[in-house]
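> Dropping a prediction and its sequence here:
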Amino acid sequence: MLFTGANSQPAPDPAYLTGDRVSVLLPLPLAGAYDYVVGEGQRLAPGDFVRVPLANRYAVGVVWGAGAGDVAHEKCRAVVRRLSVPPMPDALRRLVDWVAAYTLAAPGAVLKMAMSVPTALEPPPPPPLGYVVADPLPDVKMTATRQRVLEMACPLASHPLAAAELARRAGVGVGVVKGLADAGALTAVPLIRPPADVPDCRRAGPSLSGEQATAADALRRRVGDGFSVTLLEGVTGSGKTEVYFEAVARALEQGRQVLVLLPEIALSAQWLDRFRRRFGGAPAQWHSELGDAARREGWRAVADGTARVVVGARSALFLPYPELGLIVVDEEHDASYKQEEGVIYHARDMAVVRARLGGIPIILASATPSLESQANVLAGRYARLHLPNRHGGALMPSIELVDLRRHPLPRQSWLSAPLIEAVEKTLAAGEQALLFLNRRGYAPLTLCRACGYRLQCPHCSAWLVEHRSMGKLQCHHCGYLSLLPETCPNCQAEDRFAPCGPGVERLGEEASARFPGARMAIMASDTLTGPRAAAELVERMARREIDLLIGTQVVAKGHHFPLLTLVGVVDGDLGLAGGDLRAAERTFQLLSQVAGRAGRAAHPGRVLLQTCQPDAGVMAALASGDAERFYAAEAEDRRAAGMPPFGKLAALIVSGPDAAAVDAVANELARLAPREPDVEVLGPAPAPLALLRGRHRRRLLLKAVRRVPVQTVLRHWLGRMRLPAGVRIQVDIDPYSFV
Ligand code: ADP
Ligand code: ZN
């Protein structure tokens, strides 16, 4: 492994020889690694992927280090063989250990995320074969069809064709091709794939403005100079992407790999276009919608170093980069970086850990940084670069509040008079408008007009959301689907169900009625069937084929719509309900992001924000554009309450199918709660989602001052618990979700 950076750890890996004991970590939720003996003729090193016996089967694991030796030698079984894949890099192994210790997950459960493509560890399938004309051509029986095949097939050393393709071009059956091959007139050769289009760091970037160039220079200097964290803060449209591309180019010049994390990779077609324009090649992509073959090839390309730039969702952090030289986390404040299931971790924070373990720089980019990152800047742990202006002189849009108490909405209507007027004006001027409502479906609640009964999910404490376009009601927590019942399950009244409140579909209905001439489209995660659909919609918007776009938060993320001049936020208060710790911060971030879609090019933008709480701090901050003041006040509240980022939080969620058993465990947890200074335990309380996927849930919250080693406290506490079958305790360190 060749490292060029100053801070690499070049300590040679020890070798384990026949008869030595090694500890092998398996991608299974076990308590720790198991000891094995190095087999006859084997020579192993840390990070090697190995096949080992496990009970009465075989499993693949990773050599984690020397054996612990706490099992009798006779009981220790031998490693079967080493797999022929590059070893798992040291920094990734240390990341696995670090994440496990921090989140209290089993190390094997974390390793499983780093071995998410088991087939990538198998030898790759042989390349498909193609055919060329044999040289010399043997004497074979000629027919008209055979003649045509030979004419179509290229001479040796030129491009071979697959049998099916050759048959198609010659207009014959595949049997004719096979017959010629059997007779020796065609030679089979491996089909060589066209070389991947590699990003080229020598291409020139756009000419940067003075302010952009200053930031880009600072970033370039950090590449190759050890571990550092830089918050790249810049208003929407300031050119953050172009600026961090310069750091990407620098890392590529140094022969290092680069990882860019994006919150919604499926929606990032525009980002990919810009990358291609800048580097003339495509990055490797990593996200959940990749097929098996793409995952296998992608994993291997990262491991053997052919993939130079990877752009991906949070799971891309656990790929086996041998030469990682830079990490970028774009939209670092985005909540989707928190994984809420399985191993519960925050990809932004763990990316910082990965950078530290690898001795490399990391860039966190955002227009509205998280309070966590801002606190780290203030504490001197992170550096900050600031781009306060939009590129090319475009102005920031002005945000006006529409006080819904002064402009009450008519029944079954969600657009106020000022917003309607603004949309009409925008459309009349031939410009585009966006109506933002962060709610999928037609209506969030359906109730019986006769008795007031609300249609609920049978498996969750949640209402069913009507999706009229698919003719169904859906639970947004577990995916349960049902048809609208004909009679009320409670009072048997017929046909008395009424939708309550709007989702984007219903808003679309109102907009069609109000703006009949406008070409409209709806953009929500469930109306987009995949990355291509999203890209298409964005392109139609850019080509001006849409006048009025209605969307949920998926429209907020990173899209550049040059002709969009009006943004209407239909329900600005939506995210503030529920008493979530970060409700105000998240509302500020989301609405700034949406507002930032307006007026990014020549025409100035305007944003109308409908709210019932115009005096709330977050609304006032959005209207005045005074982010600093908002963040300062928000930080002060958190500091006073001892909440993150100034204090630590950990949530414990007790769940199980039987409510009484869950209560018993939750009460026992409370009884055994640590009684230490600077630690406070709140709860148990029924979780807001007291029933989820058929499991009852209770929450406890541990709150501590920063210097308390929360993991140690939790390990000690949970170590005293005995759980009945079916009951589970989930630990969520630094919780972001409080449902
Ligand atoms: P941000 O990520 O800060 O919202 P972007 O990087 O998306 O900003 O830039 C906004 C738009 O301005 C993009 O279309 C981008 O290509 C363009 N842009 C930014 N900086 C430059 C530059 N120096 N030269 C040309 N175009 C630029
Ligand atoms: Zn449900």
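Looks like it came in fine. Ligands and ions are numbered 1, 2, ... in the order given.
> Could you tell me what pLDDT the model assigned to residue 613?
For residue 613, the model assigns a pLDDT of 95.
> Contacts only, for residue 590.
With C-beta atoms under 8 Å, 6 or more residues apart in numbering as the criterion, the residues that contact residue 590 are 438, 553, 556, 575. For the C-beta atoms, the positions are set from N, CA and C on the backbone; glycine is no exception.
> distance of the last one from ligand 2?
In this case it means residue 575. The span separating residue 575 from ligand 2 equals 21 Å under the rule C-beta to the ion, to the nearest Å.
> From the contacts of residue 590, which shows the smallest pLDDT?
Going through the contacts of residue 590 one by one, the lowest pLDDT turns up at residue 556, 83.
> Would you mind listing what in this protein touches ligand 2?
457, 459-460, 475, 477-478, 480 (C-beta under 5 Å from the ion).
> of all those residues, which comes closest to ligand 1?
Using C-beta to the nearest ligand atom, residue 477 comes nearest to ligand 1 of the residues of the chain next to ligand 2, at 32.3 Å.
> which ones are touching that closest one?
Residues in contact with residue 477 (C-beta under 8 Å, 6+ apart) are 457, 460, 462, 689, 692-693.
> can I get these in CSV with secondary structure and distance to residue 571?
Output for those, formatted as CSV (DSSP: H, G, I helix; E, B strand; the rest coil; distance: C-beta to C-beta, whole Å):
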residue, secondary structure, distance to residue 571
457, coil, 23
460, coil, 23
462, coil, 19
689, strand, 22
692, strand, 25
693, coil, 28
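> so who does residue 649 touch?
Taking C-beta under 8 Å, 6+ apart as the test, what residue 649 contacts is 581, 643, 701-704, 734-735.
> could I get these as CSV with pLDDT?
As requested, those are arranged in CSV below (pLDDT from 0 to 100):
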residue, pLDDT
581, 91
643, 94
701, 96
702, 97
703, 97
704, 97
734, 94
735, 94
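> Now list the buried members of those.
In the contacts of residue 649, burial by neighbour count holds for 581, 643, 701-704, 734-735, counting by 16 or more other C-beta atoms under 10 Å.
> Report the two of those residues separated the most.
The largest distance within the buried ones among the contacts of residue 649, taken as C-beta to C-beta, falls between 581 and 704 and amounts to 15.0 Å.
> quick revisit: the buried ones among the contacts of residue 649 in strands, which ones?
Counted as lying in strands by DSSP state E, out of the buried ones among the contacts of residue 649, are 701-704.
> Flag the shaky bits of the stretch 501-650 of the chain, pLDDT-wise.
Across the stretch 501-650 of the chain, the stretches falling below the confidence threshold (pLDDT under 70) are 530-531, 558.
> Could you name the specific helix or strand carrying the residue of it found nearest ligand 2?
Shortest the stretch 501-650 of the chain-to-ligand 2 distance, computed as C-beta to the ion: residue-wise this is residue 526, at 15.3 Å. In this structure, residue 526 is located outside every helix and strand according to DSSP states H and E.
> can you offset everything so residue one is 343?
All right, first residue 343 from here; so that's residue 868.
> Would you check that it makes contact with residue 809?
Yes: with contacts defined as C-beta atoms under 8 Å, residue 868 counts as touching residue 809 at a distance of 7.2 Å.
> Out of these two, name the residue with the larger neighbour count.
residue 809 (21 against 18; other C-beta atoms under 10 Å).
> on that earlier part again, which one of the buried ones among the contacts of residue 991 is nearest residue 645?
Taking C-beta to C-beta as the measure, residue 1076 is the one of those closest to residue 645, at 30.2 Å.
> pretty sure the closest one is touching residue 992, no?
Yes: distance between residue 1076 and residue 992: 7.5 Å, which falls inside the contact criterion (C-beta under 8 Å).
> Quick check: which ranges of this protein have low pLDDT?
343-355, 496-500, 534-538, 609, 872-873, 900.
> So in that sheet, which strands flank the strand or helix carrying residue 993, and in what orientation?
Assignment of secondary structure by DSSP H and E places residue 993 within strand 989-998. Strand 989-998 has these partner strands in its sheet, going by DSSP bridges: strand 1037-1047 (antiparallel), strand 1070-1075 (antiparallel).
> Go through those and pick out the most buried.
Most buried of these, by mean neighbour count (mean count of other C-beta atoms under 10 Å): strand 1037-1047, with a mean of 21.
> For the following helix or strand past it, enumerate the helices and strands it packs against.
Scanning forward in sequence from strand 1037-1047 by DSSP H and E, the next helix or strand is helix 1052-1061. Helices and strands in packing contact with helix 1052-1061 are listed as strand 989-998, strand 1037-1047, strand 1070-1075; criterion 3 or more C-beta pairs under 8 Å, 6 or more residues apart in numbering; DSSP states H and E.
> what's the closest of these to residue 399?
Set against residue 399 and scored by C-beta to C-beta, these come closest in strand 1070-1075, at 25.7 Å.
> Compute the inter-axis angle for that closest one and helix 1052-1061.
Between the axis of strand 1070-1075 and that of helix 1052-1061 there is an angle of 170 degrees, by axes from the mean of the first three to the mean of the last three C-alpha atoms, to 10 degrees.
> got a list of contacts for strand 1070-1075?
Here strand 1070-1075 makes contact (C-beta under 8 Å, 6+ apart) with 444-446, 682, 686, 992-998, 1007, 1011, 1052-1053, 1056, 1060, 1063, 1065.
> coming back round to it: return every residue with contacts to both of residue 868 and residue 809.
Going by C-beta under 8 Å, 6+ apart, residues that sit against residue 868 and also against residue 809 are 782-783.
> thinking again about what came up before, enumerate every residue touching the residue of the stretch 843-992 of the chain closest to ligand 2.
The contact partners of residue 868, taken as C-beta under 8 Å, 6+ apart, are 782-783, 809.
> now, among the residues you listed, which is nearest to ligand 1?
Top of the list for closeness to ligand 1, among those and by C-beta to the nearest ligand atom, is residue 782 at 25.1 Å.
> How is that closest one assigned, secondary-structure-wise?
Using DSSP: H, G, I helix; E, B strand; the rest coil, the structure places residue 782 in coil.
> surely it meets residue 865?
No: counting by C-beta under 8 Å, residue 782 sits too far from residue 865 to count as a contact (10.5 Å).
> ok, the two, which is more surrounded?
Each of residue 782 and residue 865 has its neighbours counted (other C-beta under 10 Å); residue 865 has more, 24 against 21.
> Now for the closest residue to the more buried one other than its chain neighbours, how many residues are close by?
If the residues on either side of it in the chain are set aside, residue 865 comes closest to residue 893, at 3.8 Å by C-beta to C-beta, 6 or more residues apart in numbering. Look at residue 893: counted by other C-beta under 10 Å, it has 25 neighbours.
> so what's residue 893 up against?
By C-beta under 8 Å, 6+ apart, the contact set of residue 893 is 776-779, 846, 864-866.
> And residue 741, by the same measure?
The contact partners of residue 741, by C-beta under 8 Å, 6+ apart, come to 937, 949, 951, 964-965, 967.
> Thank you kindly, that will do.
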